[in-house]
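# what's the 3D shape of this:
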Amino acid sequence: AMLHDRAYIGEILHKGQWFPGKHEPLIDRDTWDRVQTLLGGQVYRTHELTYAGDLIRCSHCGHVITGERKTKKTKTGERDYVYYRCSKYNRKGHPRVRLTESDLDEQVLALFEKLRIEDEEVRDWVLRVLREQTREVQEHTREQRAEFARQLTVIESQRDRLLNLRLLGEIEADTFAAKGTELRDREARVRLQIEALNRALDENGDIAVKAFELSQTLMDKWVTADFATKRRILEITCLNFSLDDVSLCPIWRKPFDMLAEGLFVQSSRGERI
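Below you'll find the model as predicted:
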């Protein structure tokens, strides 16, 4: 009940309806919206396990690979171990495969080794391709932002009409308050999406380029990277993974699929194929 209390975002409850208040919000709207999404969707938290969270599917049954953290006592004290297995691991006839995080780290390092390109000219060509794709993504982002701006205009118009109806006495106070809350929530969601698009326009357009540049030196950086960095790299380079027995099998995003499969070659005339 406390997590649904709109007073934390600066509203007050009056006669069963929420209205904008004058007190300072204790929680920003972004956090509020995320909490409501989690409460409504019953999202399973992965506790920052790199390879959990619907990233990998079991090739035997198609179910998600889940992670679990175990604490064991050793001669030097307690130590955490992370294991990954299919969520249907205990079903009759299911392979009893369980891998440690270091097992998967080792396989990921081997996969990223395939991305390395020794030829400097080919590396430069790949970067040009990625930058061109970035420009296309940014143009799409601008179009989305324009659409959200249009939605804000519509919401503002609806708010004005709602106020006029209330002033004319054509709607009851409860209806006015409920519709006002609905419009504020819609506006907050749209503004949140605009904010995300703005960040995407400024930052995310360069992610693929940065990921490729990182992939060329990834071997030395992966093991010491934090959870957020590892997840971002995996999601940028791969659509998803499957676990076939003990083997991690990626479905690469473009152009990383061509890098991994060694499809960038050079003809005798210097052309890339």
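# And whichever strand or helix holds Arg161, how far out from the chain middle?
If you go by DSSP states H and E, Arg161 is part of helix 120-167. Centroid displacement of helix 120-167 relative to its chain, using CA atoms, centre = their mean, to the nearest Å, is 18 Å.
# Give me the packing partners of it, helices and strands only.
The contact analysis (3 or more CB pairs under 8 Å, 6 or more residues apart in numbering; DSSP states H and E) places helix 120-167 against helix 173-202, helix 207-215. The C-beta positions use only the backbone N, C-alpha and C, and glycine is treated the same way.
# Out of those helices, which is the most enclosed?
Most buried of the helices and strands packed on helix 120-167 by mean neighbour count (mean count of other CB atoms under 10 Å) is helix 207-215; its value is a mean of 19.
# returning to what we had before: please identify which of the helices and strands packed on helix 120-167 is closest to Val108.
Among these, helix 207-215 comes nearest to Val108, with 11.6 Å by CB to CB.
# rewinding a little: rank the helices and strands packed on helix 120-167 by mean pLDDT and give me the bottom one.
Sorting the helices and strands packed on helix 120-167 by mean pLDDT places helix 207-215 lowest, at a mean of 70.
# average pLDDT across the helix or strand just after that one?
Moving toward the C-terminus from helix 207-215, the next helix or strand (DSSP H and E) is helix 227-237. The average of the pLDDT scores along helix 227-237 is 83.
# so where is this structure shaky, pLDDT-wise?
37-47, 199-208, 211, 214, 262-273 (pLDDT under 70).
# For the stretch 1-150 of the chain, which segments count as helices?
Secondary structure of the stretch 1-150 of the chain, counting by DSSP state H, counting those that start in this stretch: helices at 29-41, 101-113, 120-167.
# wait, which of the helices and strands packed on helix 120-167 is closest to Ile65?
In terms of CB to CB, the element of the helices and strands packed on helix 120-167 nearest to Ile65 is helix 207-215, at 22.8 Å.
# returning to that earlier point: name the stretch among the helices of the stretch 1-150 of the chain that sits most buried.
helix 101-113 (a mean of 17).
# tell me the angle of it relative to helix 227-237?
Angle between the axes of helix 101-113 and helix 227-237 is 40 degrees (criterion: axes from the mean of the first three to the mean of the last three CA atoms, to 10 degrees).
# Show me what helix 101-113 is packed against.
In terms of contacts (3+ CB pairs under 8 Å, 6+ apart), helix 101-113 is packed against strand 77-86, strand 247-252.
# Taking strand 77-86 as reference, get the angle to that helix.
Going by the same axes, to 10 degrees, helix 101-113 makes 60 degrees with strand 77-86.
# can you pull the alpha-carbon coordinates of helix 101-113 into CSV?
The C-alpha trace of helix 101-113 is given here as CSV (Å, rounded to 0.1, in the frame of the first residue of the first chain):
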residue,chain,number,x,y,z
GLU,A,101,29.8,-18.2,-13.8
SER,A,102,33.4,-18.7,-14.5
ASP,A,103,32.5,-21.5,-17.0
LEU,A,104,30.3,-19.1,-18.9
ASP,A,105,32.8,-16.2,-18.6
GLU,A,106,35.4,-18.5,-20.3
GLN,A,107,33.0,-19.3,-23.2
VAL,A,108,32.1,-15.6,-23.6
LEU,A,109,35.8,-14.7,-23.8
ALA,A,110,36.2,-17.3,-26.5
LEU,A,111,33.2,-15.9,-28.4
PHE,A,112,34.6,-12.4,-28.2
GLU,A,113,37.9,-13.6,-29.5
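# Just the residues contacting it, thanks.
Defining contact as CB atoms under 8 Å, 6 or more residues apart in numbering, one finds that helix 101-113 is touched by 49-51, 67, 81-84, 215, 218-219, 222-223, 234, 237, 246-248, 250, 260.
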